[in-house]
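Student: Have a look at this prediction, sequence included:
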Amino acid sequence: LVQGGGGTGGGSWQQQQKQQQHQHQRQHQRRWQTTFQSDVDCPQAFNRARWLDGSERVELAYKLTGVATLALDQQSDMIYYAIASESMKNLVSLHISHVINIGALGGFVYWLDDKTGVERITVNGDRRSAKLQRLSQFTGIRDVWTPKAKVLAVSTSAPQFSLHSSEGSEKALVCDGTTNCDHVHVDADCCKRPGDFQCLINTTPLNDATNDLSRPIFNARPSSLSAKPSQNPPKKPAKPLKKSLFDDDLEDDYLSCFLSKPKPPEQKPKSSLFDDDDLDLDFKYIFDKASGHSEEAEQHQKLLNFDIGSSSSGRYLPVRFRMAPPTVLVTGGAGYIGSHTVLEMLNAGYNVICVDNLCNAYSSGAKLPEALSRVQEITGKKVHFYRADITDRDQVRAIFQEHKIDMVCHFAALKAVGESCRIPLQYYHNNMTGTNVLLEAMADNNVFKFVYSSSATVYGEPKFLPVTEEHPTGNCTSPYGKTKYFTEEILKDLCKSDKRWAVVSLRYFNPVGAHISGRIGEDPNGEPNNLMPYIAQVAVGRRASLNVYGSDFPTKDGTGVRDYIHIVDLAEGHVKALDKLRNIAETGFFAYNLGTGVGYSVLDMVHGFEKASGKKIAYVLVDRRSGDVATCYADATLAEKKLGWKAYRGIDKMCEDTWRWQSQNPNGYANK
Ligand SMILES: O=c1ccn([C@@H]2O[C@H](COP(=O)(O)OP(=O)(O)O[C@H]3O[C@H](CO)[C@H](O)[C@H](O)[C@H]3O)[C@@H](O)[C@H]2O)c(=O)[nH]1
């Protein structure tokens, strides 16, 4: 995955280090023409790599991120060095995505696939054939082709961006200034003509009269470029090339591209880009439509996680944009937390593939487990589902073979504290071996972004409150808790051993509640272990009364105090974690508490539920349950700071939503 231009990076870095940057710019004015003027987040790797030149810089970014970054403007030889160098040997495909920088091909996208070397180049636009063929000869790359790309452009710091139709004057897409534009508003009236589009990266507000919006950056019309396969394997250069690969008429070529008036499409594409009036098209949709057939659509999807190049003019700025969402494998996706998270992920535009062995999820025997079928019904989006066990290596590998997975969100685990004391081996096998199998399959398939479903249980008995992420971990009493703790340790070791891993471990406090629709919720097998489903089942008449474990804790009413968090808040936390992983090249292990920071007692929850349901909850005060602590609640400020996430649904909402689910589904999904 590559962002082009010597100026990879963005303004957060620039803002922090303006002085250094100016110095850097002066020093490298010729070599690195691109300036850094956007306020988009600058991926960490780019920051770290910024003082290195040439292929060194590229290689460093690659090592740090597993993502190839080619930074080039006038130093196009760098492509050659980078491809030929040892550290890039795993590259199989190169996508030349974008042309902005004067005198250079401004953006290059690589994606890793296999360990066989670069095999394919794709390019957006139709003006690079000579260069690509030369690149093909130099590298032995077998296939050079041009997809029918429709190129999109977005702005960063500007309050709006625009994508113009081929006439160059009408607004096609408008998005309000965010750097992460999954969904854009499409003005269907001016998007109906098929085929070609021009990009404008508009760095100033649209109402700025000085900004000429009709000026195209380049023409993204497809061409029929193809190069002959080369028989020769890639050769390492004996010495650096004297001439640039792309030193011929590039600048002219670029300029003509930049300034030329678009030609009408040579042939009518099979379908219009925007052949309906849907005003909420997302980029994936656009690309699926644009590419006309599935392989190209799939290729396009691979190109979507990149930051687009920058220009030295200051007029066109580096942009992070996404034309289609990544594909996330969700293990345990049919469970309580999994299904709610899948729903939020779909709403956020992710493609989701679920795997679940259904050991704790209801299925009527239909293709989809009931919870996921309802998630599809609520979202109107498709979920791919595999009934499979993550401890089964072959099954897991088969899923990775079948799909191009970008990230993994791992919920699949056994979770009952008491049961884990009775059958610890099953817990260790399922929770830890399963995770190892998954991680191995990920690494084998070059997938290194992982969101882990952890728990406040890793803190053991709190030594201080609220519990921050700095609180020591590992003092867990149950085998279940230990599996969460050990897995976190494995993940930390993994991140230390290989800098490509980016892991977010989310430490949940006490998830409760249900989706507002009342269609999905918590449906435990047998007698509930946890408080909220127990209360709900008493309210609905399935159980006679609640046992309140302990009334002599040093708390306001003697009952245990916990940090209950609404399941939808929790699910949104996962989406934020995925967003972080997909947008930032930073790697390593990160743990965040997901809680509200507020503690409620057992009796608070009972009374809250009575209020929401209008039902009396019968309860009996009994002895403490072994292993229960008096009070536990989170400091969740780190998640707010780093993920931009905060829980905002309170106890009333938690109880209301649980009741809606339980009263509409008194016997859970089976509804017997
Ligand atoms: O029938 C019940 C069930 C629970 N409780 C009380 O309700 C509170 C919450 O208990 P839960 O079982 O709902 O939740 P825990 O805090 O014990 O455990 C939860 O949070 C832990 C982390 O703190 C782990 O993640 C664990 O898996 C998860 O269930 C505790 O004071 C408990 O004693 C009752 O009084 N009666």
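Tutor: Done, it's in.

Student: Wait, Thr331 touches Val352, no?
Tutor: No. Contact criterion C-beta atoms under 8 Å: Thr331 and Val352 do not qualify, at 11.4 Å. No exception for glycine: its C-beta is placed from N, CA and C like everyone else's.

Student: When the two are compared, which one has more neighbours?
Tutor: Counted by other C-beta atoms under 10 Å, Thr331 and Val352 do not tie: Thr331 has more neighbours, with 28 against 24.

Student: For the stretch 351-500 of the chain, which residues are neighbours of the ligand?
Tutor: Residues of the stretch 351-500 of the chain lying near the ligand by C-beta under 6 Å from any ligand atom: Lys415, Val417, Ser455, Ala456, Thr457.

Student: With respect to per-residue confidence, which of these is lowest?
Tutor: Across these, the bottom pLDDT score, 91, is held by Val417.

Student: Let me know the pLDDT of the nearest residue to it once chain neighbours are set aside.
Tutor: In space, not counting the residues next to it along the chain, Val417 is nearest to Ser478; the distance is 4.6 Å by C-beta to C-beta, 6 or more residues apart in numbering. Looking at Ser478, its pLDDT is 93.

Student: Inside helices: which ones of the residues of the stretch 351-500 of the chain next to the ligand?
Tutor: Secondary structure assignment by DSSP state H places Val417 of those in helices.

Student: Any quick ChimeraX command for the buried ones out of the residues of the stretch 351-500 of the chain next to the ligand?
Tutor: Entered in ChimeraX, the line below selects the buried ones among those, by 16 or more other C-beta atoms under 10 Å:
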select :415,417,455,456,457
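
Student: Reformat the residues of the stretch 351-500 of the chain next to the ligand as a markdown table; add distance to Asn446.
Tutor: Shown next, in a markdown table, are these (distance: C-beta to C-beta, whole Å):
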| residue | distance to Asn446 |
| --- | --- |
| Lys415 | 30 |
| Val417 | 36 |
| Ser455 | 29 |
| Ala456 | 32 |
| Thr457 | 32 |
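
Student: Nearest residue to Phe486 in space, please, no chain neighbours.
Tutor: Phe486 sits nearest to Met432 (C-beta to C-beta, 6+ apart), 6.0 Å away.

Student: show me the contacts for whatever residue of the chain ends up closest to the ligand.
Tutor: When scored by C-beta to the nearest ligand atom, the chain has Gly560 as its residue closest to the ligand, at 2.3 Å. Counting by C-beta atoms under 8 Å, 6 or more residues apart in numbering, Gly560 touches Tyr549, Gly550, Phe553, Ser601, Val602, Asp628, Val629, Ala630, Thr631.

Student: can you do 7 Å?
Tutor: Applying C-beta atoms under 7 Å, 6 or more residues apart in numbering, we find Gly560 in contact with Tyr549, Gly550, Phe553, Ser601, Val602, Asp628, Ala630.

Student: The ligand next: which of those residues are close?
Tutor: Counting by C-beta under 6 Å from any ligand atom, Tyr549, Val602, Asp628 from the contacts of Gly560 sit close to the ligand.

Student: Would you enumerate the residues in contact with the first one?
Tutor: Right, the one you point to is Tyr549. Residues in contact with Tyr549 (C-beta under 7 Å, 6+ apart) are Gly560, Val622, Arg624, Arg625, Asp628.

Student: wait, the last one sits on Gly550?
Tutor: This means Asp628. Yes. Counting by C-beta atoms under 7 Å, Gly550 is a contact partner of Asp628 at 6.4 Å.

Student: Please say which of those two ends up with more neighbours.
Tutor: With neighbours defined as other C-beta under 10 Å, Asp628 and Gly550 compare such that Gly550 has more, 18 against 14.

Student: so what's the more buried one scoring on pLDDT?
Tutor: At Gly550, the pLDDT value in this model is 97.

Student: ok, for it, nearest residue in space, not its chain neighbours?
Tutor: Here the residue nearest Gly550, using C-beta to C-beta, 6+ apart, is Arg624, at 3.5 Å.

Student: measure that neighbour to Phe609 for me?
Tutor: Arg624 sits 22 Å away from Phe609, going by C-beta to C-beta, to the nearest Å.

Student: would you say Met442 is within a strand?
Tutor: No. Counting by DSSP: H, G, I helix; E, B strand; the rest coil, Met442 is not found in a strand; it is helix.

Student: isn't it right next to Cys409, touching?
Tutor: No. In this structure, Met442 is not within contact of Cys409 by C-beta under 7 Å, at 11.7 Å.

Student: Those two - which one has more neighbours?
Tutor: A count of neighbours by other C-beta under 10 Å puts Cys409 above the other of Met442 and Cys409, at 29 against 22.

Student: which stretch of helix or strand covers that one?
Tutor: Using DSSP states H and E, Cys409 maps to strand 407-410.

Student: Kindly report the same for Phe450.
Tutor: strand 449-455.

Student: Point out the residues in this protein that sit beside the ligand.
Tutor: Listed as neighbours of the ligand in the chain under the rule C-beta under 6 Å from any ligand atom: 415, 417, 455-457, 510, 529-531, 534, 546-549, 560, 562, 602, 625, 628, 632.

Student: In strands only, show me the residues you listed.
Tutor: Among the residues of the chain next to the ligand, the members found in strands (DSSP state E) are Ser455, Asn510, Leu546, Asn547, Val548, Tyr549, Arg562, Cys632.

Student: Most neighbours among these, which one?
Tutor: When neighbours are counted by other C-beta under 10 Å, Arg562 leads these with 27 neighbours.

Student: Next secondary structure after the lengthiest helix in the chain?
Tutor: With secondary structure taken from DSSP H, the chain has its longest helix at helix 479-497. Later in the chain than helix 479-497, the nearest helix or strand by DSSP H and E is strand 502-508.

Student: State the mean pLDDT of that next one.
Tutor: For strand 502-508, mean pLDDT is 97.

Student: Pairing partners for it, with directions?
Tutor: Partner strands and pairing direction for strand 502-508 (DSSP bridges) are strand 449-455 (parallel), strand 588-594 (parallel).

Student: Would you indicate which residues of that strand are buried?
Tutor: Ala502, Val503, Val504, Ser505, Leu506, Arg507, Tyr508.

Student: Show me the shaky parts of the chain.
Tutor: Applying pLDDT under 70 to the chain flags residues 1-325, 583, 672.

Student: Measure how buried His403 is and give me the count.
Tutor: 15.

Student: if we can go back for a sec, columns distance to Arg660 on top of the contacts of Tyr549, output as a markdown table?
Tutor: Output for the contacts of Tyr549, formatted as a markdown table (distance: C-beta to C-beta, whole Å):
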| residue | distance to Arg660 |
| --- | --- |
| Gly560 | 26 |
| Val622 | 29 |
| Arg624 | 32 |
| Arg625 | 28 |
| Asp628 | 29 |
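
Student: between the residues you listed, which is nearest Glu344?
Tutor: Nearest to Glu344 among these: Gly560, at 28.9 Å, using C-beta to C-beta.

Student: so which strand or helix has Val437?
Tutor: Using DSSP H and E, the element containing Val437 is helix 434-444.

Student: now for that helix, which elements pack on it?
Tutor: For helix 434-444, the elements it packs on are helix 393-402, strand 407-410, judged by 3 or more C-beta pairs under 7 Å, 6 or more residues apart in numbering; DSSP states H and E.

Student: tell me what the shortest one is packed against?
Tutor: In this structure, strand 407-410 makes packing contacts with strand 327-331, helix 434-444, strand 449-455, helix 567-583, judged by 3+ C-beta pairs under 7 Å, 6+ apart.

Student: can you give me the angle the shortest one makes with helix 393-402?
Tutor: Orientation note: strand 327-331 sits at an angle of 160 degrees relative to helix 393-402 (axes from the mean of the first three to the mean of the last three C-alpha atoms, to 10 degrees).

Student: Which strands and helices lie in contact with strand 327-331?
Tutor: helix 336-347, strand 351-356, strand 407-410.

Student: Could you list the residues in contact with the shortest one?
Tutor: Just to be clear, that refers to strand 407-410. When contacts are defined by C-beta under 7 Å, 6+ apart, strand 407-410 is touched by residues 326, 328-331, 341, 435, 438, 442, 447, 449-453, 574, 578, 581-582.
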